[in-house]
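Chemist: any chance you can model this:
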Amino acid sequence: MNVYDSQRMSDTLGRLGYMPVDDPDKADLVLLNTCHIREKAAEKVYSEIGRLKQARERRRAVGADMLIGVAGCVAQAEGEEIVTRAPAVDLVFGPQSYHRLPDFLARAQAGETVVETDFPVEDKFAALEAPSERNVRARGVSAFLTIQEGCDKFCTFCVVPYTRGAEFSRPAAEIVAEARRLADAGVRELTLLGQNVNAYHGEGPDGGEWGLARLLYELAEVDGIARLRYTTSHPRDMDDDLIAAHRDISALMPYLHLPVQSGSDRMLAMMNRRHDRGLYFDLVARLRDARPDIALSSDFIVGFPGETDADFAETMDLVRQVGFAQAFSFKYSARPGTPAATMDRRVPEAVQAGRLAELQALLRTQQADFAAGLEGRTFDVLFEKVGRQPGQVVGRSPWLQPVIVDAPEALIGSLESVRITKAGSNSLFADLVSDVSRLPGHDGGSSYRAESFA
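Modeler: Residues are numbered from 1 along each chain as shown. Modelled structure (predicted):
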């Protein structure tokens with residue numbers, strides 16, 4: 001979602017006459033779009049501000065200047081504290097108000113230190129102009145599209161309800177219109193975004209309320225859109241209609257990120273997750289029944305306050321039973337203002353580190369096993385960019401892995417059939433099966449074979 005927000009801010013800045021540069025020493029404005037989920041990410045903001053302050057001093061030495069801004073969830077959570085701790089910052093604004101960036105910049109250019117962290121009444125999406133076709137094309141054939149923001153679940157470890165606010169769902173017609181604009185600009189794959197995306201409940205064109213499943217059916221009919229994904233989901237909001245959509249919509253990729261956080265019912269209750277391991281197992285079974293080739297990824301927290309060896313063993317058991325194609329796992333990070341931050345029975349750092357290493361070893365094995373199971377299989381890949389080696393193109397499998405093929409650059413933007421020859425540590429390598437003689441720039445050859453570059 002931060003990528004999407006950064007792109008929309010970049011669209012706004014482009015209309016104000018700004019152009020992106022690749023070196024802070026050349027920048028009139030630098031915006032840090034931030035995440036507050038974990039302490040390490042938040043602390044990186046301040047070290048980066050220190051480097052930017054030095055870049056600004058170098059610019060001032062040659063008669064130029066630089067504005068420094070902090071946007072996103074750290075800005076929302078810390079507000080005035082940022083400029084107190086880092087006076088070099090000129091503007092601070094939260095994720096709900098980036099549509100007001102032109103006003104913030106005008107005030108900062110006039111010498112005001114801008115701090116805006118109120119949740120505005122207006123819909124920021126309605127206030128934003130559509131991104132230009134030029135900008136969309138520059139970003140490639142896959143695009144993010146935010147459909148929902150905020151969360152009402154209030155997991156005890158999570159800061160999102162305090163930085164992104166209550167759940168808000170964009171009107172369905174607005175989303176479909178944006179999807180059509182993206183498709184017209186060459187986008188082939190859409191990833192629908194939300195902090196709790198499967199809680200989507202937007203107003204439909206018919207005046208009724210649409211859920212995520214209804215929206216997916218509509219987006220699958222948009223000309224040019226070949227693939228659909230969504231993230232991030234909550235187990236409590238995987239309803240029957242959404243599970244059926246995985247069965248019925250061929251454009252909906254067989255890959256689902258479904259965070260569970262822990263395999264222990266006791267921990268899940270303390271986290272206020274509002275589901276238990278039994279519900280999670282039931283969802284996995286129903287999803288696999290509806291879409292047998294579906295692959296799952298998840299999030300895990302180890303070392304939550306009060307977690308015992310027995311609780312951690314339950315997590316390991318859940319991972320073994322479910323089997324994940326990918327997962328994200330972290331040591332518990334206390335976030336100020338959340339209920340878990342005040343809980344007793346902190347797990348020692350060494351114990352957290354040991355549990356994380358054990359969990360990640362199992363998850364890496366499962367990821368490798370899933371990738372190895374694709375060797376010899378044939379399926380479609382959406383090609384997105386040229387590879388690191390001459391003559392390579394890189395695409396994504398239905399399960400999100402990079403797929404590397406020796407093939408013409410003209411494949412970018414197209415869905416082509418490949419056969420997987422090798423599973424690497426982070427990528428798949430493949431032979432092209434599709435006939436590419438129809439493609440512009442084809443040199444008349446017919447054999448393209450992937451090399452197994454590490």
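
Chemist: use CA for all of it now, contacts and neighbours both
Modeler: Noted.

Chemist: residues contacting stretch 369-376, please?
Modeler: Residues from elsewhere that reach stretch 369-376 (C-alpha atoms under 8 Å, 6 or more residues apart in numbering): 324-325, 419-424, 428.

Chemist: what segments of the stretch 201-350 of the chain are strands?
Modeler: 201-203, 209-211, 227-231, 255-257, 295-302, 326-331 (DSSP state E, counting those that start in this stretch).

Chemist: want to try a markdown table for the ones you listed, with mean neighbour count as columns?
Modeler: Below are those laid out as a markdown table (neighbours: other C-alpha atoms under 10 Å):
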| stretch | mean neighbour count |
| --- | --- |
| strand 201-203 | 21 |
| strand 209-211 | 18 |
| strand 227-231 | 21 |
| strand 255-257 | 21 |
| strand 295-302 | 20 |
| strand 326-331 | 18 |
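
Chemist: Ile82: which of these is closest?
Modeler: When these are compared by C-alpha to C-alpha, strand 326-331 sits nearest Ile82, at 25.5 Å.

Chemist: that closest one to strand 295-302, inter-axis angle?
Modeler: For strand 326-331 against strand 295-302, the angle by axes from the mean of the first three to the mean of the last three C-alpha atoms, to 10 degrees is 0 degrees.

Chemist: tell me what strand 326-331 is packed against?
Modeler: Where contact means 3 or more C-alpha pairs under 8 Å, 6 or more residues apart in numbering; DSSP states H and E, strand 326-331 is packed against strand 295-302, helix 349-372.

Chemist: for the longest one, the averaged confidence score.
Modeler: In this model, helix 349-372 carries a mean pLDDT of 97.

Chemist: got the angle between the helix or strand just after that helix and strand 227-231?
Modeler: Per DSSP states H and E, the first helix or strand lying C-terminal to helix 349-372 is strand 378-386. The directions of strand 378-386 and strand 227-231 differ by 80 degrees, with the same axes, to 10 degrees as the criterion.

Chemist: need the contact partners of strand 378-386.
Modeler: Identification of contacts with strand 378-386 by C-alpha under 8 Å, 6+ apart yields 140-142, 392-398, 403, 409, 411-420.

Chemist: just stretch 290-303 next, same as before
Modeler: Identification of contacts with stretch 290-303 by C-alpha under 8 Å, 6+ apart yields 243-244, 246-247, 254-262, 287-288, 312, 323-332, 346-348, 351-352, 355-356, 399.

Chemist: residues near Gln401, how many?
Modeler: If you count neighbours by other C-alpha atoms under 10 Å, Gln401 ends up with 17.

Chemist: that one against Asn426, yeah?
Modeler: Yes: taking C-alpha atoms under 8 Å as the definition, Gln401 is a contact partner of Asn426 at 7.4 Å.

Chemist: burial-wise, tell me which of the helices and strands packed on strand 326-331 comes out on top.
Modeler: For the helices and strands packed on strand 326-331, average neighbour numbers computed from mean count of other C-alpha atoms under 10 Å are highest in strand 295-302, which has a mean of 20.

Chemist: state the mean pLDDT of it.
Modeler: Taken as a whole, strand 295-302 carries a mean pLDDT of 98.

Chemist: below-threshold pLDDT in this structure: ranges please.
Modeler: Where the chain drops to pLDDT under 70, the residues are 120-124, 127-130, 436-454.

Chemist: middle-most residue in it, spatially?
Modeler: Residue closest to the mean C-alpha point of the chain, counted by C-alpha atoms, centre = their mean, is Met1 at 5.5 Å.

Chemist: for the closest residue to that residue other than its chain neighbours, which residues are in contact?
Modeler: The shortest distance from Met1 to any non-neighbouring residue, by C-alpha to C-alpha, 6 or more residues apart in numbering, is to Leu193 (6.3 Å). With contacts defined as C-alpha under 8 Å, 6+ apart, Leu193 is in contact with 1, 144-148, 230-232.

Chemist: quick check: Leu193 vs Glu174, distance?
Modeler: Relative to Glu174, Leu193 is positioned 14 Å away (C-alpha to C-alpha, to the nearest Å).

Chemist: what is the burial count for the closest residue to Ser397 other than its chain neighbours?
Modeler: Nearest non-adjacent residue to Ser397, counting by C-alpha to C-alpha, 6+ apart: Val381, 5.1 Å away. Neighbourhood size, Val381 [other C-alpha under 10 Å]: 25.

Chemist: could you do Glu43 as well?
Modeler: Counted with other C-alpha under 10 Å, residues neighbouring Glu43 total 12.

Chemist: with respect to Asn135, which of the contacts of stretch 369-376 is nearest?
Modeler: Nearest to Asn135 among the contacts of stretch 369-376 is Leu428, at 29.5 Å by C-alpha to C-alpha.

Chemist: please name the bridge partners of the closest one.
Modeler: Val403, Ala423 (DSSP bridges).

Chemist: I figured it hits Trp399, correct?
Modeler: No: the pair Leu428 and Trp399 does not pass the contact test of C-alpha under 8 Å, sitting 11.0 Å apart.

Chemist: more neighbours: which of the two?
Modeler: Neighbour comparison, Leu428 and Trp399: the larger count goes to Leu428, with 26 against 19 (by other C-alpha under 10 Å).
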